[in-house]
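[1] the following block contains a protein sequence and its predicted model.
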Amino acid sequence: MKREYKTVHFGYQSLFSSKIDAQALQDDLNSLGNNGWELVELEFNMGSLGNNTAAIAILKRPK
């Protein structure tokens, strides 16, 4: 079976927080899942204060 892969960068920060917005990340991952994408890996980028400031997702789906 052939597959296609996709990488997506998520950077959700409010003006008052350096943390990633977990609800926005979840909503976007659910939207991608509804379009046939399956999450393979999710890596978080750490900010200088040890907070998750961004994430990179690797996704796949049948071609």
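    Received, thanks.
[2] please make it C-alpha for all contacts and neighbour counts, starting now.
    Will do.
[3] from F10, how far out is the residue nearest the centre of the chain?
    Geometric centre of the chain, nearest residue: A57, 4.4 Å, by C-alpha atoms, centre = their mean. From A57 over to F10 the distance is 8 Å, taken as C-alpha to C-alpha, to the nearest Å.
[4] who touches the longest strand along the chain?
    When every strand of the chain is counted residue by residue (DSSP state E), the longest turns out to be strand 52-62. Strand 52-62 is contacted from outside by 1-13, 18-20, 36-47, using C-alpha atoms under 8 Å, 6 or more residues apart in numbering.
[5] give me every residue that touches E4.
    K60, R61, P62, K63.
[6] run the last query once more with 10 Å
    With contact taken as C-alpha atoms under 10 Å, 6 or more residues apart in numbering, E4 is in contact with W37, L59, K60, R61, P62, K63.
[7] next: S31.
    Each residue near S31 by C-alpha under 10 Å, 6+ apart is listed here: L25, W37.
[8] any chance of the backbone angles for it?
    Phi and psi for S31, reported as degrees, to the nearest 10, are phi -60, psi -40.
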